[in-house]
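Enquirer: sharing a model prediction with you, sequence too.
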Amino acid sequence: MKKLLLATAALSVLASPAFADIEAAKKWIDGEFQPSSLSKEDQLKEMEWFIKAAEPFKGMEIKVVSETITTHDYESKVLAKAFEEITGIKVTHDLIGEGDVVEKLQTQMQSGENIYDAYVNDSDLIGTHWR
């Protein structure tokens, strides 16, 4: 019976869609996060902090939206994946036109209904919402 419970627990951990991983952090530090103004050791310390801070939120999903520019494309395709692998928090980062970002933001502010958890937008909207 103990073996069955242990096997079930192990499978549930392995089957979880996202989990924080120091090995993933090392992979990202060695690859994508170079060159850096921080040493690899300092980067790893920061990653350890992120993993610990993310622990209560592991397995959660957040939705982010931003306009379709090269910077946000990189955030959506590369950094969101790194964040999930390192912290265990899944990020869905939608890219839409700038006018659509503003419209979604205004709709959320006026209706009080959550459309996205985070908006990445230009400074011309400073003061209309919290960041």
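Expert: Everything's here; your move. Numbering: from 1, shown residues only.

Enquirer: CA atoms for contacts and neighbours, from now on please.
Expert: Noted.

Enquirer: buried ones in the host helix or strand of Lys104?
Expert: Using DSSP states H and E, Lys104 maps to helix 98-111. Neighbour-count burial for helix 98-111, counted by 16 or more other C-alpha atoms under 10 Å, picks out 101-102, 104-105.

Enquirer: and that helix, what does it pack onto?
Expert: strand 61-67 (3 or more C-alpha pairs under 8 Å, 6 or more residues apart in numbering; DSSP states H and E).

Enquirer: neighbouring strands of the strand it packs on in the sheet, and parallel or not?
Expert: strand 90-96 (parallel), strand 118-120 (parallel) (DSSP bridges).

Enquirer: for the ones you listed, give me JSON lines that also has mean neighbour count.
Expert: Shown next, in JSON lines, are those (neighbours: other C-alpha atoms under 10 Å):
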{"stretch": "strand 90-96", "mean neighbour count": "19"}
{"stretch": "strand 118-120", "mean neighbour count": "17"}
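
Enquirer: worst mean pLDDT among those?
Expert: Among the strands paired with strand 61-67, strand 118-120 carries the lowest mean pLDDT, a mean of 88.
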